[in-house]
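S.K.: pasting the sequence and the predicted model now:
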Amino acid sequence: MKKLFILLCLGAPLALRAEDGHQLWLRPHAAVPVTVVAPASSSAVLATARRELQQHWQGAAGATVTLALRKDKALKYDGFRLSKQKIEAATEAGLLYGAYELLRRQQTGQPVASEVCNPSYELRLLNHWDNPDGSVERGYAGKSIFWRQDSALVVTRRDQKLWQEYARANASIGLNSSVLNNVNASPLILSAGYLGRVKAIADVLRPYGVRVYLSVKFSSPVLLGGLKTADPLDPAVVKWWQAKAQEIYRLVPDFGGFLVKASSEGQPGPQDYGRTHADGANMLADVLRPHGGLVMWRAFVYSPSDKDRAKQAYNEFVPLDGKFRDNVLVQVKNGPVDFQPREPFSPLFGALKKTAVMPEFQITQEYLGHATDLAFLAPMWEECLRSDTHQAGPGSTVARCTDGSVYAQKHSAMAGVSNVGLDTNWTGQDFGQANWYAFGRLAWNNTLSSSQLTDEWLKLTFAGSAASAPAAVGSAADWNAHFLAPVAQLMLASREAVVNYSMPLGLHHIMSATHDHYGPGPWWAPPGMRADWTPPYYHQADARGVGFDRTTAGSSAVSQYHEPLAARFNDPATCPDEYLLWFHHLPWDFKMKSGRTLWDELALHYDQGVQQVRQFQRTWDQARPYVDAERFGTVQNKLRAQSGNAVLWKDACLLYFQQFSHLPIPPTVEPPMHTLDAVLANDLPRPRANGPARP
Ligand code: GCU
């Protein structure tokens, strides 16, 4: 271990450069000579694998590494067989992933036995919510790396360099696909000019094994093609899409396919023509099939067919099970509402048995503090992936119901909504990089633990980064004890801290819309606003209590879960505390499992969240000697802001709910420093030109 640490220190930037975070987890190391023996091929992917090993080898000096292409029944998709000096795979991309795995093991001090590493999912994708004008929906790290308003169609050297760095980062963690534009898609993206830029991006991403996809607007045949309809069963519409697909594949022969948000949040879709989601998805799937393309059709729909928004996607999609073509994947957000800090898993997982279902996670922190708050999201994704749906007996976890282990499916995939932008460090908050990293690694292996991911990421991202090493920072044991262990602990606790100070005990969707989903807003309900876009719809606080009654006596959303979950969630005595107010409307003096009242328990959770963030600040302050000054200072400032944000959440929510509970804040809880009036004054809805719009 001591050797490893010295190696890490030596491998760190030798000429002390400031660390601005741009290198991500791929910081340069002093080269160690190695010979790479690879199949004779001019393939760009193979060349990348060879170059990566030659430039970043940290194993025995003068070693020979052999890369071999070999069919092997044990290998799935781009899986590989790894040993200390040999990588075998059935595909060239597999050799590239094997090379990155070997380098990662060297840099993090993990052993290499003779082993097979297969990806859990065939497709491992980032979804970029980037618009052709360069803005990024729910992006907090600067403008788009792909698009920009001024010269959308001119590709510069700088663009290409950035795209190459991006592709390399993705490949190094096993990601193989990128959807280049927002699900709220502009029809422009399919115009000739933009497709030219798509080709340019695809050409840079290809040597790293990353394929490109596009989000498409369902009404493109009308908006771009001038047709009168976008009805998926209209032959002229089908013809238009066929011609468009041919145009795309001429430019990008390995184009991956389309991602579609249709009949959702005002987006056009097949339902505008009396057709179903399956009709729409299948039409596009048939158009793409001759080219080998796929359709990812989103299940994020909530037309007000039922009073409970959480039930609507299930209601719409379960009757369509078995009706989708085999090159369609239905893309389902982890929870039934919308990327909240905590939701139970979407009941669609496991319930769709004859349809390929892919999980969609949100890497960008729309509801978890943007690029300010530190929230490591692997524990949230792990929680979802490990949730047992019971749909095909015990052990049918979300992970197994989506990766092909439980149901036969031709394709499998996992998507994450990217947090990447033009900021130098890519993600705004330096620790946001850990979410990009963890997402990729989990898409490769959906059984990895959050603690393994923190360990890997911290070593790769920070080891040896201290600008000047004081005497204390001398040994591996010291670094492990004073940096790795406490900072890993901080990361592992960070998502729960956000839940505690914002939406504990199953509360959800009570954020401020005025501040773009940052900070508290349980009161937020401008006149005329659609009810299920307002927090009071979700928390239902009144003199009797708080929470959304989704029991069989309420909306009966519990019934969408397979037994024994339905019964467990339905009874407040057996419902896990973390989902209590998701499924129940309970009196303020309801007796919790802890023996405390619901009101007191709520207050304690809010307070605990605040205390946790303060502890994160102390931990980070103590980590100072081990981190370069630049990243130390940035994270320190962000934690300071997060601490203020946590106090605001606590004060605002307790004072707001107190209007209904009429109960005192428990004496052990820090008294509010804000007044409700002041908080409300800061959260007045902004006037909008066209009346109430989607917040
Ligand atoms: C959320 C988010 C929107 C996004 C939508 C989606 O509602 O706030 O910006 O368009 O999810 O996933 O389609």
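M.R.: Cool, got the structure. Numbering: from 1, shown residues only.
S.K.: and stretch 406-414, how far out from the chain middle?
M.R.: Mean-position distance between stretch 406-414 and its chain equals 19 Å (C-alpha atoms, centre = their mean, to the nearest Å).
S.K.: just the buried positions in that stretch, please.
M.R.: Across stretch 406-414, burial judged by 16 or more other C-beta atoms under 10 Å covers 406-407, 409, 411-414. For every residue, glycine as well, the C-beta is placed using N, CA and C.
S.K.: likewise for stretch 376-394?
M.R.: 376-385, 387-391.
S.K.: do stretch 270-287 as well
M.R.: Those would be 270-273, 275-287, for stretch 270-287 by 16+ other C-beta under 10 Å.
S.K.: SS state for the residue in the stretch 451-600 of the chain positioned nearest to the ligand?
M.R.: Per C-beta to the nearest ligand atom, residue 517 is where the stretch 451-600 of the chain lies closest to the ligand, at 6.8 Å. At residue 517 the chain is in coil, as set by DSSP: H, G, I helix; E, B strand; the rest coil.
S.K.: same deal with residue 672?
M.R.: coil.
S.K.: for it, give me its contacts.
M.R.: 650-651, 654-655, 665 (C-beta atoms under 8 Å, 6 or more residues apart in numbering).
S.K.: same thing with residue 574?
M.R.: Residue 574 makes contacts with 567-568, as judged by C-beta under 8 Å, 6+ apart.
S.K.: so it sits in a strand?
M.R.: No. Residue 574 is assigned coil when assessed by three-state DSSP, not a strand.
S.K.: and it, how close does it get to residue 345?
M.R.: According to C-beta to C-beta, to the nearest Å, residue 574 and residue 345 sit 17 Å apart.
S.K.: likewise residue 84?
M.R.: Taken as C-beta to C-beta, the span from residue 84 to residue 345 is 39 Å.
S.K.: which of the two has more residues huddled nearby?
M.R.: residue 345 (25 against 15; other C-beta atoms under 10 Å).
S.K.: wait, that one touches residue 334, no?
M.R.: Yes. Counting by C-beta atoms under 8 Å, residue 345 does reach residue 334; the two are 6.4 Å apart.
S.K.: hey, what's in contact with both of the two?
M.R.: Here residue 345 and residue 334 share the contacting residues 384, 398, scored by C-beta under 8 Å, 6+ apart.
S.K.: got the residues of the chain near the ligand?
M.R.: 137-138, 183-184, 261, 300, 338, 366 (C-beta under 6 Å from any ligand atom).
S.K.: helices of the stretch 301-450 of the chain, start to end?
M.R.: Using DSSP state H, counting those that start in this stretch, the helices found in the stretch 301-450 of the chain span residues 309-317, 378-386, 398-402, 432-444, 450-462.
S.K.: so which other helices or strands are in contact with the first one?
M.R.: Spelled out, it's helix 309-317. Helices and strands touching helix 309-317, as assessed by 3 or more C-beta pairs under 8 Å, 6 or more residues apart in numbering; DSSP states H and E, are absent.
S.K.: give the buried residues for it.
M.R.: Residues of helix 309-317 classed as buried: 309-314, 316-317 (neighbour count, 16+ other C-beta under 10 Å).
S.K.: contacting residues around it?
M.R.: By C-beta under 8 Å, 6+ apart, helix 309-317 touches 277, 299-306, 330, 332, 336-337, 346-348, 351-352, 355, 532, 537, 548, 550, 555-557, 560.
S.K.: for the stretch 301-450 of the chain, what spans make up the strands?
M.R.: Per DSSP state E, counting those that start in this stretch, the stretch 301-450 of the chain carries strands over the ranges 328-333, 356-362, 413-417.
S.K.: could those go into TSV alongside distance to residue 215 and mean pLDDT?
M.R.: Listed next are the strands of the stretch 301-450 of the chain as TSV, based on distance: least, C-beta to C-beta, whole Å; pLDDT from 0 to 100:
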stretch	distance to residue 215	mean pLDDT
strand 328-333	11	98
strand 356-362	13	98
strand 413-417	11	99
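S.K.: in a markdown table, list the ones you listed along with distance to residue 633.
M.R.: Shown next, in a markdown table, are the strands of the stretch 301-450 of the chain (distance: least, C-beta to C-beta, whole Å):
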| stretch | distance to residue 633 |
| --- | --- |
| strand 328-333 | 35 |
| strand 356-362 | 28 |
| strand 413-417 | 29 |
